[in-house]
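Give me a model of this one.
(2 chains)
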2 protein chains.
Amino acid sequence: MRYRKIPDETVRRLPQYLRAVSFVHKQGCKYVSSQELAERLHMKSPQIRKDLSYFGAFGVKGTGYPVETLLGRIREILKLNTPQKAALIGAGRLGKALASYPGFRLYGFDIVEVFDRSPRKIGRKIGGVEIKDVAHLGDLGKRGIRLALLAVPAGAAQEVAERLVEAGVRGILNLAPCYLKLPKRIKVVTIDIAMELGILPYYV
Amino acid sequence: MRYRKIPDETVRRLPQYLRAVSFVHKQGCKYVSSQELAERLHMKSPQIRKDLSYFGAFGVKGTGYPVETLLGRIREILKLNTPQKAALIGAGRLGKALASYPGFRLYGFDIVEVFDRSPRKIGRKIGGVEIKDVAHLGDLGKRGIRLALLAVPAGAAQEVAERLVEAGVRGILNLAPCYLKLPKRIKVVTIDIAMELGILPYYV
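Numbers count the residues shown, from 1 in each chain, chains lettered A, B, ... in the order given. Next up, the predicted model:
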């Protein structure tokens, strides 16, 4: 089921709710209030109540949201209740770190293919997966791989991204410090680590 | 000079403007309009004009913003016009990737100290910097290091973060998939790569 009416801004916040609610769940709590979530996430509780109201009204006044139901609902909406196959492009230092990043499994992501262009790397393994030649992506979409993690140098990112789209990929997590120009139907999330660091000096 | 009246939300967007304006500058453009920036950043141009208006009115109607002046102004406000020393905590796979990440230099960041707790790593070098024992952080603040990149496992992050604060660090880029509870005067930016990936399945 797809809840079409959820605004993008709310979808962007759902993984944060998922992480916070998972934490509360691990602590053994049965209910969590929007105030608790707000405090944990440095957000405002009316915002959280509004976001969660898109999934139907199941919060209990004075008690909060049932933790397990909320967890299941968020996972269902984000389609994280079934494992998600992903391809990793770029087996450099960042790629290696990603391939062994324990956080991905928490969200049900599984890196099932790794590609690089370097002949020195092709045929070797990272994270238990053999590195293949990026020139032969094949039809990733038909193999059920519609997500890709892009960890290539900025200069190569656009070209590789276009080939991923041709190969049937529909969502890209871009870790190269550059923008990708792709068809609108392709969802791109860019993480530029240096850019995130960029706001800190203002505050220190 | 510190422009105290700039809202946090605007500060958060400044590094994005910096990257987009740097790109336009490299292309040799003298002026850039808010529409061009909006298109490049998938934002709305009135938002951009409002954000940039905090630095004084220097856009030219029909022509746009003078690129060099704008670049200088954003760098000045973000305090990126002088090099920023940073310490890296955690010399695992992610730490290694960060130590050699070319993007940091673009923003004037310099990783001058690396710490880890593993005896196997202490004394070795990454990114040309010797790895020291995290048990001996010393007074980082007095050595001009007020920024830290935290790339340790989630279970260790809170404890290490507290010790960084004691050592004089005032801004932390947290790459561990967890929240840090620190005094309000400490600025923390958390990047959870899996969480960013978490929104993609919804769209694909």
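
CA only for contacts and neighbour counts going forward, please
Will do.

Give the helix, strand or coil label for A:Lys85.
Secondary structure, DSSP: H, G, I helix; E, B strand; the rest coil: A:Lys85 is strand.

how close does it get to A:Leu147?
For A:Lys85, the distance to A:Leu147 equals 7 Å [Cα to Cα, to the nearest Å].

is chain B contacted by the helix or strand A:Gln16 falls within?
A:Gln16 belongs to helix A:8-26 when assigned by DSSP states H and E. Yes - counting by Cα under 8 Å from any Cα of the partner chain, chain B has neighbours in helix A:8-26: A:11-12, A:14-16, A:19.

So which of A:Lys85 and A:Leu147 has more stuff around it?
A:Leu147 (30 against 19; other Cα atoms under 10 Å in any protein chain shown).

so what's the backbone phi/psi at that one?
phi -120, psi 140 (degrees, to the nearest 10).

out of the residues of helix A:8-26 next to chain B, who's nearest B:Gln27?
A:Arg12 (32.1 Å; Cα to Cα).

My understanding was that the closest one contacts B:Ile199; is that so?
Yes - between A:Arg12 and B:Ile199 there is a contact under Cα atoms under 8 Å: 6.3 Å.

More neighbours: which of those two?
Shown here are A:Arg12 and B:Ile199; by other Cα under 10 Å, B:Ile199 has more neighbours (25 against 16).

Any figure for the gap between the more buried one and chain A?
In this view, B:Ile199 and chain A are 6 Å apart by Cα to the nearest Cα, to the nearest Å.

What number of residues are in the vicinity of A:Lys74?
For the record, residue A:74 is Ile, not Lys. For A:Ile74, using other Cα under 10 Å, the count is 20.

contacting residues for it?
Shown in contact with A:Ile74 (Cα atoms under 8 Å, 6 or more residues apart in numbering or on different chains): A:14, A:17-18.

List only buried entries from those residues.
Among the contacts of A:Ile74, those classed as buried by 16 or more other Cα atoms under 10 Å in any protein chain shown are A:14, A:17-18.

Just send the residues of helix A:8-26 next to chain B back as CSV, with pLDDT and distance to A:Leu182 too.
Putting those into CSV (pLDDT from 0 to 100; distance: Cα to Cα, whole Å) gives the following:
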residue, pLDDT, distance to A:Leu182
A:Val11, 90, 21
A:Arg12, 87, 20
A:Leu14, 92, 24
A:Pro15, 89, 24
A:Gln16, 88, 26
A:Arg19, 86, 30
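
of those residues, closest to B:Lys184?
A:Gln16 (20.3 Å).

Could I get the contacting residues of that closest one?
By Cα under 8 Å, 6+ apart, the contact list for A:Gln16 reads A:41, B:195.

Mind listing what's buried along the helix holding A:Gln16?
Neighbour counts using 16+ other Cα under 10 Å place A:11-22, A:24-25 of helix A:8-26 among the buried residues.

same question, stretch A:157-177
A:157-158, A:160-161, A:163-165, A:167-177.

cool, stretch A:96-116 as well?
Quick answer for stretch A:96-116 (16+ other Cα under 10 Å): A:96-100, A:103-104, A:107-116.

Give me the subset of those residues lying in helices.
Among those, the members falling in helices (DSSP state H) are A:96-99, A:103-104.

and those near chain B, which?
Restricting those to those near chain B by Cα under 8 Å from any Cα leaves A:96-98, A:103-104.

re earlier: in helices, which of the buried residues of stretch A:157-177 fall?
Using DSSP H, the members of the buried residues of stretch A:157-177 that fall in helices are A:157-158, A:160-161, A:163-165.

and of the residues you listed, the nearest to B:His42?
A:Gln158 (16.8 Å).

Can you name the residues that contact the closest residue to the closest one other than its chain neighbours?
Leaving aside its chain neighbours, A:Gln158 sits nearest to A:Leu180 (5.6 Å; criterion: Cα to Cα, 6 or more residues apart in numbering or on different chains). Contacts for A:Leu180 (Cα under 8 Å, 6+ apart) come out as A:157-158, A:161, A:188.

and A:Leu180, helix, strand or coil?
coil.

hang on, the earlier thing: quick one: the residues of helix A:8-26 next to chain B as JSON lines, columns for distance to A:Ser45 too.
Listed next are the residues of helix A:8-26 next to chain B as JSON lines, based on distance: Cα to Cα, whole Å:
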{"residue": "A:Val11", "distance to A:Ser45": "17"}
{"residue": "A:Arg12", "distance to A:Ser45": "16"}
{"residue": "A:Leu14", "distance to A:Ser45": "14"}
{"residue": "A:Pro15", "distance to A:Ser45": "16"}
{"residue": "A:Gln16", "distance to A:Ser45": "14"}
{"residue": "A:Arg19", "distance to A:Ser45": "16"}
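
Among those residues, list the two that are farthest apart in space.
With Cα to Cα as the measure, no two of those lie farther apart than A:Val11 and A:Arg19, at 13.6 Å.

just to revisit the earlier point, for the next helix or strand after the helix holding A:Gln16, which helices and strands make contact with it?
Counting by DSSP H and E, the next helix or strand C-terminal to helix A:8-26 is strand A:31-32. Applying 3 or more Cα pairs under 8 Å, 6 or more residues apart in numbering or on different chains; DSSP states H and E, we find strand A:31-32 packed against strand A:65-66.

Now the helix or strand just after the strand it packs on: buried residues?
Remark: after strand A:65-66, the chain's next helix or strand is helix A:67-77, criterion DSSP H and E. Residues of helix A:67-77 classed as buried by neighbour count (16+ other Cα under 10 Å): A:67-68, A:70-71, A:73-77.

now do stretch A:183-202
Within stretch A:183-202, the residues scored as buried using 16+ other Cα under 10 Å are A:187-202.

That one spans what distance, first to last residue?
35 Å.

how big is the angle separating whichever strand or helix holds A:Gln35 from helix A:8-26?
Taking DSSP H and E as the criterion, A:Gln35 maps to helix A:34-41. If you take axes from the mean of the first three to the mean of the last three Cα atoms, to 10 degrees, helix A:34-41 sits at 100 degrees to helix A:8-26.

any idea whether the residue of chain A most remote from its centre is helix, strand or coil?
Here the centre of chain A is the reference, and by Cα atoms, centre = their mean the most remote residue is A:Gly62, at 32.6 Å. Taken by three-state DSSP, the conformation at A:Gly62 corresponds to coil.

Good, we can wrap up now.
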